[in-house]
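*Asks:* My questions concern the predicted model and sequence given below.
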Amino acid sequence: PIKSTHISDQDKYAISGGIIFIQDITNVKKLEQIRTEFVSNVTHELKTPLTSIRGFVETLRSGAINDPDVSEKFLEIIDIEAERLYMLINDILQLSEIETNQKDTNLARHNLRPIIAEVLSILEGVAEKKSIRLIADIYGNVSIIANRDRIKQMLINLIDNAIKYNVESGTVTVKCFKAEGKVVISVKDTGIGIAQEHLSRIFERFYRVDKGRSRNMGGTGLGLSIVKHIVNLYSGDIRVNSEPGKGTEFVIQIPV
Ligand code: ADP
């Protein structure tokens, strides 16, 4: 709508109609651009591990295979890169599934308490390796209408990050409670934190604060993008507070 005092109502209508039309085209262009960028990013992300796999196979073929120690090391790298490819493809499929199948299937009312407990037990092993304490603080009856697998995925991605980007012997606290017709889920860590200038971009596909670190941790750069898509699916919102060197908190609110 136009904020103007010096044109007639009729003009306003005509002009605002024109502006809406222009915005439409801008949106279509923007979407197209996002899609093109995504395809080019995906291609790059898939090529990197593939190139590495082919390189190590080639080196093995041209003699390294005769040294058992070297070949064991190279095979391990090939295995890690293949695993990365697998995770990437999984995440890309998940994103496109959420995007194209906007109307979610298998919707039912789910209590979040057992889902949080299940996710924490799945990630217990990963946390133990860094001596990280996982804490759950759940108040009252917290339930939402959703697809169970999606909610589980959302929690896995957030809690997995909270462990990955945490310090040794750190803590991850998952809080869940009901407030003003919404279920609030908070995932808070005592990790490395995120600098202010990155905060608005971390939900973008393939955006990482530190590419090397994310790669070493086995990250695909799609985790938070998937989380945001799932939150949107249930008309919720997600916010992040962070202080470098202190920790990060993600807060999700989903209407009951
Ligand atoms: P990745 O697979 O790289 O972890 P994500 O989409 O899950 O991708 O996250 C995007 C980036 O946001 C990460 O690479 C990391 O830099 C940053 N990030 C996400 N969660 C946290 C966290 N809990 N603490 C610090 N940084 C985080």
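*Replies:* Arrived safely, thanks for sending.
*Asks:* Could you use CA atoms for every contact and neighbour count after this?
*Replies:* OK.
*Asks:* packing partners for the helix or strand that contains residue 174?
*Replies:* Element membership of residue 174 [criterion: DSSP states H and E] is strand 171-179. Strand 171-179 sits against strand 133-138, helix 148-164, strand 182-189, with contacts defined as 3 or more C-alpha pairs under 8 Å, 6 or more residues apart in numbering; DSSP states H and E.
*Asks:* Reformat these as CSV; add mean neighbour count.
*Replies:* Below are these laid out as CSV (neighbours: other C-alpha atoms under 10 Å):
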stretch, mean neighbour count
strand 133-138, 16
helix 148-164, 20
strand 182-189, 22
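*Asks:* Only the buried residues of the helix or strand where residue 231 lies, if you could.
*Replies:* Secondary structure assigned from DSSP H and E places residue 231 in helix 223-233. Of the residues in helix 223-233, those buried under the neighbour-count criterion (16 or more other C-alpha atoms under 10 Å) are 223-231, 233.
*Asks:* gap between the most centrally placed residue in the chain and the ligand?
*Replies:* Ranked by distance to the mean C-alpha position of the chain (C-alpha atoms, centre = their mean), the top residue is residue 224 at 1.7 Å. The gap separating residue 224 from the ligand is 4 Å, by C-alpha to the nearest ligand atom, to the nearest Å.
*Asks:* my read: that residue touches residue 202, true?
*Replies:* Yes - with contact taken as C-alpha atoms under 8 Å, residue 224 and residue 202 are classed as touching, separated by 7.0 Å.
*Asks:* Report the contact partners of the closest residue to the ligand within the stretch 51-200 of the chain.
*Replies:* Nearest to the ligand, among the residues of the stretch 51-200 of the chain, is residue 162, at 4.0 Å (C-alpha to the nearest ligand atom). The contact partners of residue 162, by C-alpha atoms under 8 Å, 6 or more residues apart in numbering, come to 172, 187-189, 191, 248.
*Asks:* Pick out whichever of those sits closest to residue 70.
*Replies:* Distance to residue 70, by C-alpha to C-alpha, is smallest for residue 191 among the contacts of residue 162, at 35.3 Å.
*Asks:* Distance from the chain centre to stretch 179-186, please.
*Replies:* Stretch 179-186 sits 20 Å away from the centroid of its parent chain (C-alpha atoms, centre = their mean, to the nearest Å).
*Asks:* got the contact list for it?
*Replies:* Residues lying outside stretch 179-186 but in contact with it, judged by C-alpha under 8 Å, 6+ apart, are 142-144, 173-178, 249-256.
*Asks:* quick one: it near the ligand?
*Replies:* No - if you take C-alpha under 6 Å from any ligand atom as the test, stretch 179-186 misses the ligand, and the best it gets is 11.4 Å.
*Asks:* Only C-alpha atoms, please: export that stretch in CSV.
*Replies:* Provided in CSV are the C-alpha atoms of stretch 179-186 (Å, rounded to 0.1, in the frame of the first residue of the first chain):
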residue,chain,number,x,y,z
ALA,A,179,3.1,-19.8,26.7
GLU,A,180,0.2,-17.8,25.3
GLY,A,181,-1.2,-20.5,23.0
LYS,A,182,2.3,-21.5,21.8
VAL,A,183,4.7,-24.2,22.5
VAL,A,184,8.2,-22.8,23.1
ILE,A,185,11.3,-24.9,22.5
SER,A,186,14.7,-23.5,23.4
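*Asks:* With that, I have no additional questions.
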